[in-house]
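missing the sequence, but the structure's below:
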Ligand SMILES: Cc1cc2nc3c(=O)[nH]c(=O)nc-3n(C[C@H](O)[C@H](O)[C@H](O)COP(=O)(O)O)c2cc1C
Ligand code: SF4
Ligand code: SF4
Ligand code: FES
Ligand code: FES
């Protein structure tokens, strides 16, 4: 296998990797700005210098030329090379800052140039704390500045579009943002304008940066030049904790991180998954943080004489148990939901199966033509395939309306799906049925329900979804409910504030914790009333059971999902046809 | 060395009235070489490349690379399009010689391009001319139209079965577009950002296809080589850098202008004889031999220095474009170097860090010195900045910006020292 | 947006000819910007949008190109743009004196336009006429060489009278034509 020597250590490589990417893959730290693994390589920042040499081939012996000590003769390139654009070749010798003073000097020199026109306003910059320029300056930069002249002034606080703000003085001209709109989102909305040190990115006059993927440029901007209009000045990054999650605003299931402070989700960013979303996600998925925080259902709601009142959990459990014991199996309409997790859907199925109700259905939410073939799918719900694989009856909105409006159901039980809000049915369709709704957010449907069970959402309890391509992925709890505790639940990440903040700090808040429990836990509790419970203690127990009882899900476990960035399931022919 | 320059008869710009007109050009042996190659089969593409290689026409665009050797890097034809980009961007300060070809002998260039096209199996020649040369662009376009009308361009040239198109592309004010890969970006309708090499243009040039870039004057030499042979060509001027060359001489001389003489001329001959001496009989303070990016030479170090690559290298400079700027004893070198550095600061495309910001740092430091605010350590900073820029960028503009500064500070140190503040540090 | 600005049938036919020279849709952007600027006198944003629409290119691309090249007037300038070269040779041969003379004469600084919209002055980089320094170019067109204050005064007077200087054929002394010969 071809070999490469980096700082005197031998590595083997396959294919034609670029030296920088290869070093990063080996866990070797190396500074860079403009390079991005999913974009073209302009080699313009010049930060990633290495010294490089190749062994000299002796044409006669067809072997490497050796010196008097028997060492290979290395011919070094006369200039520092940018490792991002340098292709590894067999026998190549690389010296980084660890072994070369010249490279060390090179890194420092470039940083001196980058910083000379940079405003150095880290204290008021959103990027501080996660800024490659800041980090690399600490590691590789010069001690001070010799630049005692006027900096170049450029426009600040330019609203490029509805979601992205530019501070042109902070821009280091890496062109990542422009390359993103040219190569990934293909809207071509951005360009660099002007020339030399007057350069900065812009949209054409009279247009705006309304690219549905615009916020990815904020993520990849290596400085604080591009910031999110929405997140700007909300929090310092070190105050938040970061938790892996899944975007559930459509069927694609982009992998995300949710960033939480004081139990509020403040932003959502994409998490790398080469099989799903690479480094990207649509802007719309990032706005979902509002749903996670706002307008939440806290404590069960019960309708008494047409009026909603807050109820205790035990009262809700008893009402639920009573309701189901008073009706015959054929008088039930049980609805799973393609919006809800596999955990909740499966437990619902199990609960009613043991009570003689086999048929669970769900209503699809597929908006033909709304997808873009990239990271936004026609399917508006994250778990359509999960419902299918559980064997739920798939109903189109129209079929469902017909089915429900006959008035033959006395009890309707639905996992979270705003059927009224999305105008699948209206209140008259519910007739006089007793309607139980499991949901996280108040909406038209919860308003119409007779009993509302507040359930933990995808960032409060581990939730598994199977995306349009059959990839089974899960979220990790990021936000406490009043029944969970960040410090006790080992799965939850702990930020600096969580660790060190005390109730007496005025920037720490204990509020924002919702009175809700996972849907499956409610069902487990109801079952416990007549001792028919399943013994689920954690959601992981449920996934374990699914994997061992339903062959569609064999091989699925939290561990596997975490390690392999999701588990690829076979989408059966039947499910595929339905998806098509 | 052929030093008999006084009897040299110009061949690139021969003394023929109205030569720019196609019939005058034809009457004087123009397009004969084309006929010799296409009709009399004087050359195959391979033998033509070899002939040009042997002639050692060293690129007149600045880098001085053997044109035939460059042509031989083109991969074997694969049936797809292949291009020549003829570089008429001529924006290096001190350079104004390609325009004389556009004005006075455009057909020589066209004929040379067609021969080069034949040698490399080219589909189209794009003639990139700086936008400011509006009049010259029009002259060139007229000449090309005339050549089409006579069947020297287009389909089936002289019934040889060889097709070649030739188009003029006007620049719009960007020095960097003279750099070959920036020129290609500009031709492709983009911002003129130089490309990272490799891949080299011969592998992936215009629209990803094999491309050769040559200077206008380089291509104009080709018909002369085909006509008289490589041996004749190498017998002119300097041994390792032969041929006739268009010297553009400007500055404080009595008769500035473009002159055609053999390479290897003594700089002193060019100043004193060809250009009739320095204005007002003054002494020469400095000479920049080949365009603003070539290191300046001191006026008192010119003895025996000749205008060819080897001699100039020994003297500590470069041939560049042979655009020579002569400065007399009253010239303020600090001012001149500031202005050069302003030029590169203004023209940096801004793509890569050491050039984008380094050129600004250089200029701002030079302004400080020029305004009498500089300190001794600023001179060291200048030299340091040059080290931080040279060889560290995508294209050679950063080197071009650094060299004049480095060599001026080294060679005219006293002028710089005179301008900085004498800071006295207390020694405790 | 480009209602105010349109290409005529003839110009569109011309643009088709330009397109035929290149194997791709981006390259015509420079020649078409030239065509537009020659027609409208500038390539302000609305004209840029017209060019983008005509060539089916993203407006941002056209904007990026316009701002890269100094000869495109992304903002309107005076009727006569006096580009005075102040680089190297012109600098040492009095380019700045010419520039300052013009500034004084017209009462504006380099980079500005006279109130009547007739003149703009710019200090520009080497125009490839160093042998004929100091010199200037008028509105991306004719070159005026070997400038003296008197020659500049005459040029300004002529321009005020609507008369552009004529093309000067520069001598090639070697041919014994020290005097400019008309071609
Ligand atoms: C910054 C820069 C500017 C250049 N400008 C020009 C130019 O205006 N004209 C030119 O012919 N070559 C110019 N060159 C050189 C070209 O890159 C290229 O080497 C040349 O056109 C090749 O032609 P030749 O081999 O015939 O000289 C420039 C190079 C650099 C780095
Ligand atoms: S705004 Fe950010 S991503 Fe865009 S070029 Fe500037 S530094 Fe790079
Ligand atoms: S060296 Fe300067 S001109 Fe060349 S690519 Fe880099 S920034 Fe552009
Ligand atoms: S990462 Fe920017 S040049 Fe390599
Ligand atoms: S320096 Fe003025 S034209 Fe070249």
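Good, I have the coordinates. Owing to the predicted nature of the structure, the values given are computational and were not obtained by experimental measurement. Ligands and ions are numbered 1, 2, ... in the order given.

tell me which element the residue of the stretch 1-150 of chain B found nearest chain C falls in.
Nearest to chain C, among the residues of the stretch 1-150 of chain B, is residue B:93, at 3.9 Å (Cβ to the nearest Cβ). The way it works is simple: take the backbone N, C-alpha and C, and place the C-beta from them, glycine included. Using DSSP states H and E, residue B:93 maps to neither a helix nor a strand.

right, and it touches residue B:291 too?
Yes - counting by Cβ atoms under 8 Å, residue B:93 touches residue B:291, with 6.6 Å between them.

Now list whatever residues contact both of the two.
Any residue near both residue B:93 and residue B:291 by Cβ atoms under 8 Å, 6 or more residues apart in numbering or on different chains counts here, and that gives residue B:323.

More neighbours: which of these two?
Using other Cβ atoms under 10 Å in any protein chain shown as the criterion, residue B:93 and residue B:291 rank with residue B:93 on top: 30 against 27.

In contact with the more buried one, which residues?
Residue B:93 touches B:291-292, B:323, B:325, B:340, B:343, C:87-89, C:125-126, C:130, counting by Cβ under 8 Å, 6+ apart.

now these in a markdown table, with distance to ligand 5 and pLDDT?
Below are the contacts of residue B:93 laid out as a markdown table (distance: Cβ to the nearest ligand atom, whole Å; pLDDT from 0 to 100):
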| residue | distance to ligand 5 | pLDDT |
| --- | --- | --- |
| B:291 | 10 | 97 |
| B:292 | 8 | 97 |
| B:323 | 8 | 97 |
| B:325 | 8 | 98 |
| B:340 | 10 | 98 |
| B:343 | 9 | 98 |
| C:87 | 4 | 98 |
| C:88 | 5 | 97 |
| C:89 | 4 | 98 |
| C:125 | 8 | 98 |
| C:126 | 3 | 98 |
| C:130 | 3 | 98 |
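
Now intersect these with the strands, please.
Within these, residues falling in strands by DSSP state E are B:323, B:325.

As JSON lines, the contacts of residue B:93 with distance to residue B:62 would be great.
Conversion of the contacts of residue B:93 to JSON lines gives the following (distance: Cβ to Cβ, whole Å):
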{"residue": "B:291", "distance to residue B:62": "7"}
{"residue": "B:292", "distance to residue B:62": "11"}
{"residue": "B:323", "distance to residue B:62": "9"}
{"residue": "B:325", "distance to residue B:62": "15"}
{"residue": "B:340", "distance to residue B:62": "15"}
{"residue": "B:343", "distance to residue B:62": "15"}
{"residue": "C:87", "distance to residue B:62": "17"}
{"residue": "C:88", "distance to residue B:62": "16"}
{"residue": "C:89", "distance to residue B:62": "17"}
{"residue": "C:125", "distance to residue B:62": "17"}
{"residue": "C:126", "distance to residue B:62": "14"}
{"residue": "C:130", "distance to residue B:62": "15"}
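
For ligand 1, tell me which of the contacts of residue B:93 show up nearby.
By Cβ under 6 Å from any ligand atom, no member of these lies near ligand 1.

Can you go through the contacts of residue B:93 and name the buried ones?
For the contacts of residue B:93, a burial check counting by 16 or more other Cβ atoms under 10 Å in any protein chain shown picks out B:291-292, B:323, B:325, B:340, B:343, C:87-89, C:125-126, C:130.

Would you enumerate the residues in contact with the one residue sitting closest to the centre of chain C?
Chain C has residue C:140 as the residue nearest its centroid, 1.7 Å off, counting by Cα atoms, centre = their mean. When contacts are counted by Cβ under 8 Å, 6+ apart, residue C:140 touches B:131-132, B:134, C:71, C:81, C:83.
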